[in-house]
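K.L.:
quick one, structure for this:
(one chain, ligands or ions: 1)
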Amino acid sequence: MNKIIKVFFSPSETTKKVVNLIAENFKEENEICDLLYFNNEKEFTSDNIVIVGMPVFAGRIPETARERLSKLKGNNTKAIAVVNYGNAQVADALVELVDILQENNFDVIAAASTISHHSIFDGVAIGRPDDEDIAKINEFAQNAIEKIENGGSLESSIPGNRPYIDYKQLPFIVSCDVNKCVFCLECVSVCPEKAIPDDDPADVDLDLCSRCTSCINICPENARAFTGEAFKAKKPAFESANAERKEPEFYF
Ligand SMILES: Cc1cc2nc3c(=O)[nH]c(=O)nc-3n(C[C@H](O)[C@H](O)[C@H](O)COP(=O)(O)O)c2cc1C
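P.N.:
As a prediction, this is how the structure comes out:
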């Protein structure tokens, strides 16, 4: 029997939301493989169907996510590939995701780029995915189900370049307000790069930190945030440059 596996890396949880929306269209039971936490080898069978969702970081798949995703192997396993971005640029992220999956013996049958609220610049793509996005994502899922029933692999060419653009680390500081922090250490557990020490969660190792936002998203006290001059200087210009609505795109 087919089983759906939801594979995602989703620090601020919008990519997870998109993957869940797609999965809800299937009648088969589903399982989660959350790459924020899962960092082991895993092999999928030919009757599994994987829905793989990755956020776009600097026009690429986040480095940590890429490493973890590369440990998952298919057996001609059908896959739906989705990159979810903050209304700025997809650049080479979807090509990269499809390449990783195909290299690891997944049979990609459909792919998409979707838009969600920007996890760093919170004035961009507010409220997305919205009802219009959700309707399109559901239609995509239904078309993917039909394609799985009828057979056939991905035929469309995906926009993007090889070699992929260089991955650029953002220079922003992730800080912790020590007056708000209650030492629950949720941030320490969630950080995929282990950049937050448990004896002092304010002392982030910015060389290890990928600025993924998982610590900001999980903090129950809202103690963590992007701060610093570079962030403050970039925010208004970035938000006005990326204000125009972009639409999701689907490939079969
Ligand atoms: C480090 C970092 C880099 C990002 N780079 C891009 C980008 O190149 N293009 C874009 O449109 N959005 C970019 N974003 C925004 C995310 O792709 C977007 O908010 C996505 O929905 C986050 O997914 P998540 O909620 O699953 O974490 C970036 C976010 C982070 C944290």
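K.L.:
in contact with the residue of the chain most remote from its centre, which residues?
P.N.:
Distance to the chain centre peaks in the chain at Asn179, reaching 31.1 Å (criterion: CA atoms, centre = their mean). Contact analysis of Asn179 by CB atoms under 8 Å, 6 or more residues apart in numbering lists nothing. C-beta coordinates here come from the backbone N, C-alpha and C atoms, glycine included.
K.L.:
likewise the one 5 residues further on?
P.N.:
Under the criterion of CB under 8 Å, 6+ apart, the contact partners of Cys184 comprise Pro220, Glu221.
K.L.:
secondary structure class for it?
P.N.:
coil (DSSP: H, G, I helix; E, B strand; the rest coil).
K.L.:
show me which residues of the stretch 101-250 of the chain are close to the ligand?
P.N.:
Ser116, His118, Ser119, Ile120, Leu170, Arg211, Cys212, Thr213 (CB under 6 Å from any ligand atom).
K.L.:
ok, the residue lying closest to the first one once chain neighbours are set aside to the ligand distance?
P.N.:
For Ser116, ignoring the flanking residues on the chain, the nearest one in space by CB to CB, 6 or more residues apart in numbering is Thr14 at 3.5 Å. Noted for Thr14: a distance of 3 Å to the ligand, by CB to the nearest ligand atom, to the nearest Å.
K.L.:
next: Thr227.
P.N.:
According to CB to the nearest ligand atom, Thr227 stands 15 Å off from the ligand.
K.L.:
with adjacent residues omitted, what lies nearest to Asn138?
P.N.:
Using CB to CB, 6+ apart, the closest residue to Asn138 is Asn25 (6.1 Å).
K.L.:
quick check: the one you found touching Ile134?
P.N.:
No. Counting by CB atoms under 8 Å, Asn25 stays clear of Ile134, with 11.3 Å between them.
K.L.:
partner residues bridging Leu72?
P.N.:
Following DSSP bridges, Leu72 is listed with bridge partners Lys42.
K.L.:
how about the nearest residue to the residue in the stretch 151-252 of the chain that the ligand sits nearest to, chain neighbours excluded?
P.N.:
Nearest residue of the stretch 151-252 of the chain to the ligand: Arg211, at 4.3 Å (CB to the nearest ligand atom). Computed as CB to CB, 6+ apart, the closest residue to Arg211 that is not its neighbour in sequence is Leu170, at 4.8 Å.
K.L.:
cool, Ala141 as well?
P.N.:
Closest to Ala141 by CB to CB, 6+ apart is Asn25, at 3.6 Å.
K.L.:
and the spatially closest residue to Ser10 that is not a sequence neighbour, what element?
P.N.:
Nearest in space to Ser10, with sequence neighbours left out and distances taken as CB to CB, 6+ apart, is Lys16 at 3.9 Å. Assigned by DSSP states H and E, Lys16 belongs to helix 14-23.
K.L.:
just checking, what packs against that helix?
P.N.:
For helix 14-23, the elements it packs on are strand 3-8, strand 48-55, strand 77-85, helix 131-150, judged by 3 or more CB pairs under 8 Å, 6 or more residues apart in numbering; DSSP states H and E.
K.L.:
domains of the chain?
P.N.:
The chain is divided into the following domains under automatic domain parsing: 3-163, 173-227.
K.L.:
quick one on the thing from earlier: where is pLDDT lowest across the residues of the stretch 101-250 of the chain next to the ligand?
P.N.:
Note: of these, the lowest pLDDT belongs to Leu170, at 94.
K.L.:
shouldn't that residue be within a helix?
P.N.:
No. Leu170 sits outside any helix when classified using three-state DSSP, being coil.
K.L.:
need the contact list for it.
P.N.:
Ala58, Ile120, Arg211.
K.L.:
out of the residues you listed, who's the most crowded?
P.N.:
Neighbour counts for the contacts of Leu170, by other CB atoms under 10 Å, peak at Arg211, which reaches 25 neighbours.
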